[in-house]
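# based on what follows, work out the 3D shape:
(one chain, ligands or ions: 1)
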Amino acid sequence: MPNDENVLNHISFIMDGNGRWAKKRLLPREFGHREGAKKFRDIVEYCLEYKKIKYVSVYAFSTENWKRPEKEVKGILNLFYDYMNTCIKENDKNKMRVRFLGNRSVFSESYQAKMAETEQVTSKYERTLGICINYGGKDEIVDAVNKLIAEGKTTITKEDITNTIYTGVMPPPDMIVRTGGEYRLSNYFMWQSAYSELFFTKTLWPDFSKKEVDELVEEYKGRQRNFGGVKNA
Ligand code: FPP
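Residues are numbered from 1 along each chain as shown. Presented below is the predicted three-dimensional model:
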């Protein structure tokens, strides 16, 4: 039965399956990521602009993804760099705040400067895209706790952690969608996902579609969210 009270403020995607998409076509993995980046732009625009969802986030590059061949890693990081330039150039068309979530200290100075510029130029907009890059969910919690200790805290509350993790002002995701047919979160949003509704689809990310977003959002509306309480208590 549809539940109209299920407000959808934040939708999040684990964009999996680029490599397999390329392999099926006998193409190098980089081609899959390039298609994945195109799809990412389409889906983000669709969710923010047409579905009027205020927050969208994506798991784009994990702390574990550095284990991949150097050429592949470079290819992915270059796609982000190009994307950052587009966000800066087209900011008054997209009207979208971009935030990078993750440990950015590992990136070169110029890369970090481009991330900061992207965030600064887009900071005036309300609807928000969170891009998890060099992101690890467990690291995020440990980093937050260490930061709080360094600030002199001796007792730490849930609110302290919520306010200190990378997502900060973003509300927790209402929906997390993983494409590519794996049924796990892979160290994604370990803190934020406590009450997220989870969706898994076998569709490989480059094949993912707006129609599928519509179907999943409809399914979300039919889910009963109790947050640990009792239905109709
Ligand atoms: C997982 O698929 C995907 C990644 C690790 C990279 C995701 C990156 C993009 C979609 C490009 C993002 C670009 C921008 C501009 C945000 P996989 O390679 O693990 O796929 P597989 O499981 O089929 O091998």
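
# contacts and neighbour counts: CA atoms only from here.
Will do.

# interface residues of this protein facing the ligand?
Taking C-alpha under 6 Å from any ligand atom as the contact definition, the chain meets the ligand at 15-20, 33, 36-37, 60-61, 76, 79-80, 83.

# show the pLDDT at the residue lying closest to Pro206 once chain neighbours are set aside.
Computed as C-alpha to C-alpha, 6 or more residues apart in numbering, the closest residue to Pro206 that is not its neighbour in sequence is Gly36, at 4.8 Å. With respect to pLDDT, Gly36 has a value of 98.

# I'd like the numbering to begin with 47 instead of 1 from here.
Taking 47 as the first residue, the last one we looked at is Gly82.

# so what's Gly82 up against?
61, 64, 251-252 (C-alpha atoms under 8 Å, 6 or more residues apart in numbering).

# is Met61 in contact with Ile222, as I believe?
No: using C-alpha atoms under 8 Å, Met61 is not in contact with Ile222; the gap is 10.6 Å.

# quick revisit: which strand or helix spans the residue nearest to Pro252?
helix 75-91 (DSSP states H and E).

# what about the protein, any weak spots by pLDDT?
47-51, 277-279 (pLDDT under 70).

# show me where this structure has helices.
Ranges of helices within the chain are 64-70, 75-91, 116-135, 137-140, 155-168, 183-196, 204-210, 256-267, based on DSSP state H.

# which positions in stretch 155-170 come out as buried?
157, 160-161, 163-165, 167-169 (16 or more other C-alpha atoms under 10 Å).

# re earlier: check the residues of the chain next to the ligand and tell me the two furthest apart.
Pairwise distances across the residues of the chain next to the ligand (C-alpha to C-alpha) peak at 22.8 Å, for the pair Arg66 and Tyr129.

# ok, Lys248 touching Val223?
No: when contacts are counted by C-alpha under 8 Å, Lys248 is not listed as touching Val223 (10.8 Å).

# which neighbours do the two have in common?
Between them, Lys248 and Val223 share no contacting residue under C-alpha under 8 Å, 6+ apart.

# nearest spatial neighbour of the residue nearest in space to the middle of the chain, skipping sequence neighbours?
Nearest to the geometric centre of the chain sits Val104, at 1.9 Å (C-alpha atoms, centre = their mean). By the measure of C-alpha to C-alpha, 6+ apart, the closest residue to Val104 outside its immediate chain neighbours is Phe59, 4.8 Å from it.

# mind listing what's buried along stretch 270-279?
Those would be Arg271, for stretch 270-279 by 16+ other C-alpha under 10 Å.

# burial measure for Arg87, as a count.
The criterion is other C-alpha atoms under 10 Å. On that basis, Arg87 has 11 neighbouring residues.

# please read the previous query as pertaining to Tyr92.
That count, for Tyr92 with other C-alpha under 10 Å as the rule, works out to 16.

# just give me the neighbour total for the closest residue to it other than its chain neighbours.
Nearest residue to Tyr92, sequence neighbours excluded (C-alpha to C-alpha, 6+ apart): Lys256, at 7.0 Å. Using other C-alpha under 10 Å, Lys256 has 14 neighbouring residues.
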